[in-house]
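Asks: Give me coordinates for this.
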Amino acid sequence: MDTIIYFLKKKGLKEPLIEPVGLKSHMLIRVSLDVEEEDWFGISFRMAEPGYQSRSASEAAEMQKQEKQDNRSSMWHPLKALRQMYRVKKEAGQEKRRRRAEALEQEKLLAEREERIGRTEEAIGRLLRDIKALAEEERDCCCVYENKVRKALLAAEKCVLSFLWQKYFDFPEFTDYAGSFWVKLLMPQAVWPHFVILGTAPCLYAVLEEAAHRMKSLRWIVPEEDCTDELLEFVEDFYTEYGLAIALQPLTGKAAWKRFRLSAPLPVNILDFTGEMQGTMSEIAETSVWLDMLSSEEKRRRIAGRNSGIVYVSLKEKWKYAQRRCNRPVLP
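Replies: Below you'll find the model as predicted:
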């Protein structure tokens, strides 16, 4: 994967903020947006409330007042019929004017909305051109979205903003979080000699073999259905090759990860391939490193919000705070 385009939320912006970040291993283009569902940098696509409603309410109140006055009049009053005729005629005229004003205002609101949509479509097209210029167009690009941005631009159904965005940005979404290249990119953050693995991934055997020389212990927690003959054979071969016995712990049941309690009295590197929320983290030593290989924002909030002293690492966090390293990265 050559170019990652990372869209993230940043309030207070008046236009997209594009930051080309040339990392040593790949090209990153970070784009900050102030967007919400049907709202592009303060430009809303929702229909405004028409102003004729307040006038209509005042007219209705006036009619009710006149009707009460007529009802207080005596039944034999000779002007009552004339008053009623006048009121009916007046109401018909007011209703006609109200409907005409309503139609005119509706046309005005629709025209204003179309103008806002046109300006936004032009801005999205301009953003795409700027990004392509930075990516040099010939490279393959993948998009990564913060959850809030993704909800506004992709997940919202029957929304104008979502339609406009997908009309221009048809790049595929990045999904290879657990791919070998990207997992190895995070492994230098695993600074401790004790390792815990949650779940599994196709690249994991090669990753563990590369890190074996700096391991003092390795604990592997995996669902029972993933304890295949291939995995068991790897555990045996790993001991034969590197002299380190892997403590394999199978989990059973659908809610196994939610019930699971990880205990680590010494600082550890936790390689998490699950995407699942685990139980309490109070028994994990401070300064432990949690490598969230699937970049779950919910997991990041949970770990950071508990002041547990655990260091959280993920690709999204790396891309969010990455600083420019070089002008032209050496691509894999």
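Asks: which residue ranges form the strands in this protein?
Replies: Listed in chain order, the strands of the chain (DSSP state E) span residues 3-9, 17-22, 27-33, 35-36, 39-40, 43-44, 141-145, 194-198, 217-223, 246-251, 269-272, 289-292, 311-313.
Asks: Out of these, which is closest to residue 171?
Replies: Residue 171 lies closest to strand 141-145 among these, at 4.8 Å (C-beta to C-beta). For the C-beta atoms, the positions are set from N, CA and C on the backbone; glycine is no exception.
Asks: Which neighbouring elements make contact with the closest one?
Replies: In terms of contacts (3 or more C-beta pairs under 8 Å, 6 or more residues apart in numbering; DSSP states H and E), strand 141-145 is packed against strand 3-9, helix 315-321.
Asks: Tell me how far that strand lies from the chain's centre.
Replies: How far strand 141-145 lies from its chain's middle: 12 Å, per C-alpha atoms, centre = their mean, to the nearest Å.
Asks: Then stretch 96-108?
Replies: Per C-alpha atoms, centre = their mean, the centroid offset for stretch 96-108 relative to its chain is 40 Å.
Asks: tilt between the longest helix along the chain and strand 3-9?
Replies: Secondary structure assigned by DSSP state H gives helix 80-135 as the longest helix of the chain. Helix 80-135 and strand 3-9 are oriented at 150 degrees to each other (axes from the mean of the first three to the mean of the last three C-alpha atoms, to 10 degrees).
Asks: The chain should start at 33 in everything you say after this.
Replies: Sure, I'll start numbering at 33, so the last one becomes helix 112-167.
Asks: what's the angle from helix 112-167 to strand 173-177?
Replies: Angle between the axes of helix 112-167 and strand 173-177 is 130 degrees (criterion: the same axes, to 10 degrees).
Asks: Any idea how many residues pack against the closest residue to residue 43 other than its chain neighbours?
Replies: Spatially, and ignoring its direct neighbours in sequence, residue 43 is nearest to residue 66 (5.6 Å; C-beta to C-beta, 6 or more residues apart in numbering). Residues lying near residue 66 (other C-beta atoms under 10 Å) number 19.
Asks: Return the distance of residue 66 relative to residue 262.
Replies: Computed as C-beta to C-beta, to the nearest Å, the residue 66 to residue 262 distance reads 48 Å.
Asks: cool, residue 324 as well?
Replies: Residue 324 is 25 Å from residue 262, by C-beta to C-beta.
Asks: of these two, who's got more company?
Replies: Set residue 324 next to residue 262 and count neighbours by other C-beta under 10 Å: residue 324 wins out with 25 against 8.
Asks: Please tell me I have it right and the more buried one contacts residue 346.
Replies: Yes: shown here, residue 324 and residue 346 form a contact pair, counting by C-beta atoms under 8 Å, at 4.2 Å.
Asks: so what sits against both of those two?
Replies: Counting by C-beta atoms under 8 Å, 6 or more residues apart in numbering, the contacts common to residue 324 and residue 346 are residue 332.
Asks: Spatially central residue in this structure, please.
Replies: Centroid-nearest residue in the chain: residue 179, 1.1 Å away (criterion: C-alpha atoms, centre = their mean).
Asks: Touching, it and residue 331? I think so.
Replies: No: applying C-beta under 8 Å, one finds residue 179 not in contact with residue 331, separated by 11.8 Å.
Asks: Next up, the contacts around the residue nearest to residue 43.
Replies: By C-beta under 8 Å, 6+ apart, the neighbours of residue 66 are 41-46, 73-74.
Asks: Turn the residues you listed into JSON lines, columns for pLDDT.
Replies: JSON lines is the format used below for the contacts of residue 66 (pLDDT from 0 to 100):
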{"residue": "41", "pLDDT": "96"}
{"residue": "42", "pLDDT": "95"}
{"residue": "43", "pLDDT": "94"}
{"residue": "44", "pLDDT": "94"}
{"residue": "45", "pLDDT": "96"}
{"residue": "46", "pLDDT": "95"}
{"residue": "73", "pLDDT": "94"}
{"residue": "74", "pLDDT": "92"}
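Asks: ok, so of these, who is nearest residue 285?
Replies: residue 41 (36.6 Å).
Asks: wait, isn't that closest one in contact with residue 182?
Replies: No: here residue 41 lies out of contact with residue 182, judged by C-beta under 8 Å, at a distance of 9.8 Å.
Asks: I figured residue 271 was touching residue 278, is that so?
Replies: Yes: Residue 271 is within contact range of residue 278, at 7.0 Å (criterion: C-beta under 8 Å).
Asks: quick one: low-confidence parts of this structure?
Replies: 33, 79-114, 168-171, 311-312, 357-364 (pLDDT under 70).
Asks: tell me the domain boundaries of it?
Replies: 33-207, 212-353 (automatic domain parsing).
Asks: Quickly compare those and say which is most buried.
Replies: Counting by mean count of other C-beta atoms under 10 Å, domain 212-353 has the highest mean neighbour count of these, with a mean of 16.
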